[in-house]
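Engineer: sequence? don't have it. structure:
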């Protein structure tokens, strides 16, 4: 258990190290943060904190830096969660409340926003909803041999698919065929399109039924791809602006992480049942992230968790601001996706 003076000194050291990236000495604390206490007294307290495992001394003559234990105590006991400014709130809402054609593209834009606002690497899992259904289908002729299948889903996906026209199908029948497809398929999810429905459509289309197979195949493939969970990244190069990752070997290790999509999925899915997850250094289950901190939160569709949003940064990341930002983006995104998927 730390007394109040040790708490103040530990908090001051971590705040200063987060801002500067330089080991912190007792004179810095005495001049900038804690007045009325001599630097000699602060130095003794820092020695005690080091012995207790909250601080580390990277070089014999240098000041101290926080240990993973020190960061953990800071996050759990000392950190004051900051509020976003009205300007930040307005900016985020304006960036998220936009129309989009594909959910993955929308999530990529959110990742860019987060990486730009934090200067860390943003990592996002796309919504795991498995609820996309067909809203509209239309066949549009391109020439005598090809046509475009336009597929629109309830999630906002609009897909144009170029297909070959069977020789026996007349372009004049495209409006009729489109109407039949919409009558039979509109409102159906992937799992609803069974052989019975396909045979029913074939019987109605008669001689034009040869056009149906590639349409169904592409509709099923497109919806399946849209409903699958992907991991989206942005701002990988941001990490190399921090001195901790200027070392070539560390940079290669860090890049290796982002080439392993399954590893990233493991990182982000591990937070799917917690509101805010903060993993610091050695708390990360993946060895290559031992020099990093990860902050994750969930977003929802209705009452169900749909995915996670987070950042990967150095251990001296700005925890308070980052938690506030991620939390607000998740809440805003949850409202937007809930309206989109449930209305």
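Structural biologist: Arrived safely, thanks for sending. Here the structure is a predicted model, which means the values were calculated and not measured. Numbering: from 1, shown residues only.
Engineer: which one's the longest helix in the chain?
Structural biologist: helix 319-342 (DSSP state H).
Engineer: who are the neighbours of that one, in terms of helices and strands?
Structural biologist: helix 86-96, helix 103-118, strand 276-280, strand 292-301, strand 304-314 (3 or more CB pairs under 8 Å, 6 or more residues apart in numbering; DSSP states H and E). Heads up, the C-betas are built off the backbone N, CA and C, glycines and all.
Engineer: tell me the angle the last one makes with helix 103-118.
Structural biologist: Meaning strand 304-314. Using axes from the mean of the first three to the mean of the last three CA atoms, to 10 degrees, the inter-axis angle of strand 304-314 relative to helix 103-118 is 40 degrees.
Engineer: report the mean per-residue pLDDT for strand 304-314.
Structural biologist: Per-residue pLDDT over strand 304-314 has a mean of 89.
Engineer: and that strand with strand 292-301, angle?
Structural biologist: 160 degrees.
Engineer: tell me the strands beside strand 304-314, with direction?
Structural biologist: strand 121-125 (antiparallel), strand 292-301 (antiparallel) (DSSP bridges).
Engineer: in the helix or strand following the shortest one, which residues are buried?
Structural biologist: Going down the chain from strand 121-125, the next helix or strand is strand 134-141, by DSSP states H and E. Residues of strand 134-141 classed as buried under the neighbour-count rule (16 or more other CB atoms under 10 Å) are 134-135, 137-139.
Engineer: closest to residue 222 among those?
Structural biologist: Among those, residue 134 lies closest to residue 222 (CB to CB), at 9.9 Å.
Engineer: skipping adjacent residues, who's closest to that closest one in space?
Structural biologist: residue 185 (4.9 Å; CB to CB, 6 or more residues apart in numbering).
Engineer: what about the longest helix of the chain, average pLDDT?
Structural biologist: For helix 319-342, mean pLDDT rounds to 92.
Engineer: for stretch 224-236, how far is the first residue from the last?
Structural biologist: 28 Å (CA to CA, to the nearest Å).
Engineer: list the contacts for the residue nearest the centre of the chain?
Structural biologist: Residue closest to the average C-alpha location in the chain (CA atoms, centre = their mean): residue 124, at 1.7 Å. Shown in contact with residue 124 (CB atoms under 8 Å, 6 or more residues apart in numbering): 107, 110-111, 114, 231-233, 268, 307-310.
Engineer: can you pick out the most distant pair from the buried residues of strand 134-141?
Structural biologist: 135 and 139 (15.6 Å).
Engineer: tell me which of the buried residues of strand 134-141 is nearest to residue 71?
Structural biologist: residue 135 (47.8 Å).
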